[in-house]
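Chemist: pasting the sequence and the predicted coordinates here, then a few questions.
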Amino acid sequence: MRRFHVPTLFSAFLTLLNDRLGESIVFPLLPFLLAGFNADGRTLGLLAGSYALAQFTVTPLIGALSDRYGRRPVIATCVSGSVLGLGLFAVTVSLDWPAGSGLPLILLFGARLIDGVSGGTAATAGAVLADVTPPERRAQAFGLIGVAFGLGFIIGPFLGGQLARLTVTLPVWVATGFALLNLVVVLLLLPETHPQDARRQMPRKRDLNPFAQIARVMGNPAVGRLCLSFFLFFLAFNGFTAILVLYFKQRFNWGPELATTAFLIVGVVATLVQGGLIGSLVKRFGEWRLTLIGLGLVIAGCLLIPATDPARARLGVFSAVAILASGTGLVTPSLRSLVSRRLDGEGQGAALGSLQALQSLGSFLGPPLAGLSYDLIGASSPFWGGGLLLALVILLVTAGGSPEGGHPEHRRAGL
């Protein structure tokens with residue numbers, strides 16, 4: 001890559017890292033941070049889901065704004081919002097509030113929504129990478145996205161767990177400081193990469209409606225069943241993972257360090273699978289088989305957690321989350337690829353963009369439903385319910401047959 005692109009690439013990489021790092025530091029600590037306010041499953045689920053709700057509603061708008069007004073002002077505004085959201089969260093959990101006051105919870109939800117609204121930086125940072133690299137080098141540049149996300153999912157839980165040994169609020173302040181560093185780097189180093197002659201007009205309002213995008217892709221007979229599977233997978237997965245730390249805390253009496261170690265294992269295993277193994281596995285087994293294998297692994301890991309004996313909690317839980325992460329690392333890219341293979345060239349962009357909306361919608365709905373189930377039915381119910389939903393996903397994927405059965409070229413060949 002040309003030398004003068006280094007500051008631009010560094011700014012984009014730091015933005016992508018900050019996008020994952022802030023969430024991966026705070027999310028595993030939510031039950032401990034909420035302990036002084038309201039630690040029930042419903043509140044935890046709503047707080048976890050509010051971030052995804054904000055992302056779901058504004059991400060299409062943020063992408064359109066970057067095409068219209070440029071990458072730099074959009075990234076700077078979003079990172080500023082991240083600083084504000086994380087800072088408000090840090091201040092709220094650090095203060096001593098009067099007993100029975102509802103204001104801190106209002107502030108915490110507001111902070112999460114602000115941070116979620118500001119979380120559309122990943123797509124814009126990816127657009128920066130596309131702006132400054134020629135097509136033949138673009139795959140190499142986009143590799144930075146995977147590296148940044150992988151590092152974020154690994155460093156975040158580790159850093160959060162270590163810092164929480166001093167005080168549970170310290171990791172949130174560190175996440176705020178990292179976001180502030182990101183903002184300074186963007187303002188000092190990131191040039192505008194989207195030239196004026198390439199700017200686009202703002203799309204129509206209905207084109208920015210994520211529900212309209214979802215309706216279009218779900219109505220496509222070629223991929224509707226697979227897209228429903230994609231949504232249900234993230235509904236189930238984000239549901240039981242949202243209450244995971246609360247379950248560890250109440251059933252095994254784990255503190256922040258052990259709880260975040262479980263998420264560290266998830267980050268390491270998922271990064272290894274998606275970053276190093278998925279290509280060779282796809283060549284050997286194909287996306288359809290890998291999707292089913294991955295779903296089986298996620299179900300196994302999900303059900304192993306409530307079956308773990310408290311006397312052997314570390315071995316049982318760490319083994320279960322490693323299995324979970326392996327399965328997730330197989331399912332997510334394989335399902336995306338199955339959708340892509342069943343579409344013609346013109347439908348690729350819209351449908352694959354809609355998958356992100358379906359993922360965000362599942363990430364929003366899953367945690368509150370799991371939290372409600374945790375409180376009303378029992379602590380193990382989100383895991384058993386998640387297992388049932390994932391079994392339904394297996395039925396949906398198998399009912400559609402292997403991708404070869406639905407691919408136009410194979411149909412013409414009579415296969």
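Modeler: Great, that's in hand. Numbering: from 1, shown residues only.
Chemist: pLDDT on stretch 354-372, on average?
Modeler: Averaged across stretch 354-372, the pLDDT comes to 87.
Chemist: give me the residues contacting that stretch.
Modeler: For stretch 354-372, the surrounding residues in contact (Cβ atoms under 8 Å, 6 or more residues apart in numbering) are 40-46, 48-50, 52-53, 55-56, 59-60, 210, 213-214, 216-217, 227, 230-240, 242-243, 336, 339, 382, 385-386. Just so you know, the C-beta spots here come from the backbone N, C-alpha and C atoms, and that holds for glycine as well.
Chemist: among those, which ones are in helices?
Modeler: If you go by DSSP state H, those have 41-46, 48-50, 52-53, 55-56, 59-60, 210, 213-214, 216-217, 227, 230-240, 242, 336, 339, 382, 385-386 in helices.
Chemist: selection in PyMOL covering whichever of the contacts of stretch 354-372 are buried, please.
Modeler: If you want just the buried ones from the contacts of stretch 354-372 in PyMOL, going by 16 or more other Cβ atoms under 10 Å, the selection is:
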select buried, resi 41+42+43+44+45+46+48+49+50+52+53+55+56+59+60+210+213+214+217+227+230+231+232+233+234+235+236+237+238+239+240+242+243+336+339+382+385+386
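Chemist: where in the stretch 251-400 of the chain is pLDDT low?
Modeler: 343-353, 400 (pLDDT under 70).
Chemist: for it, what spans make up the helices?
Modeler: 256-272, 278-285, 287-307, 313-341, 348-376, 381-399 (DSSP state H, counting those that start in this stretch).
Chemist: for the fourth one, what is the distance to the chain centroid?
Modeler: Distance of helix 313-341 from its chain centroid, counting by Cα atoms, centre = their mean, to the nearest Å, is 13 Å.
Chemist: which helices and strands sit right next to that helix?
Modeler: Applying 3 or more Cβ pairs under 8 Å, 6 or more residues apart in numbering; DSSP states H and E, we find helix 313-341 packed against helix 224-242, helix 256-272, helix 278-285, helix 287-307, helix 348-376.
Chemist: now those helices in CSV, with distance to residue 108?
Modeler: Putting these into CSV (distance: least, Cβ to Cβ, whole Å) gives the following:
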stretch, distance to residue 108
helix 224-242, 15
helix 256-272, 17
helix 278-285, 37
helix 287-307, 27
helix 348-376, 14
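Chemist: ranking the ones you listed by burial, who's on top?
Modeler: Ranked by mean neighbour count, those are led by helix 224-242 with a mean of 24 (mean count of other Cβ atoms under 10 Å).
Chemist: look at residue 35 and give its secondary structure.
Modeler: Assigned by DSSP: H, G, I helix; E, B strand; the rest coil, the conformation of residue 35 is coil.
Chemist: tell me how far it lies from residue 8.
Modeler: 42 Å (Cβ to Cβ, to the nearest Å).
Chemist: these two: which is more packed in?
Modeler: Neighbours were counted for residue 35 and for residue 8 using other Cβ atoms under 10 Å; residue 8 has more, 23 against 12.
Chemist: secondary structure element for that one?
Modeler: helix 6-26 (DSSP states H and E).
Chemist: next, the angle helix 256-272 makes with that helix.
Modeler: 130 degrees (axes from the mean of the first three to the mean of the last three Cα atoms, to 10 degrees).
Chemist: give the other helices and strands that helix 6-26 contacts.
Modeler: helix 71-94, helix 121-132, helix 138-164, helix 170-189.
Chemist: rerun at 10 Å
Modeler: Judged by 3 or more Cβ pairs under 10 Å, 6 or more residues apart in numbering; DSSP states H and E, the packing partners of helix 6-26 are helix 41-69, helix 71-94, helix 103-117, helix 121-132, helix 138-164, helix 170-189, helix 256-272.
Chemist: can you tell me which of these has the worst average pLDDT?
Modeler: helix 121-132 (a mean of 76).
Chemist: please spell out which residues along that one are buried.
Modeler: Along helix 121-132, these residues count as buried under the neighbour rule (16+ other Cβ under 10 Å): 121, 122, 123, 124, 125, 126, 127, 128, 129, 131, 132.
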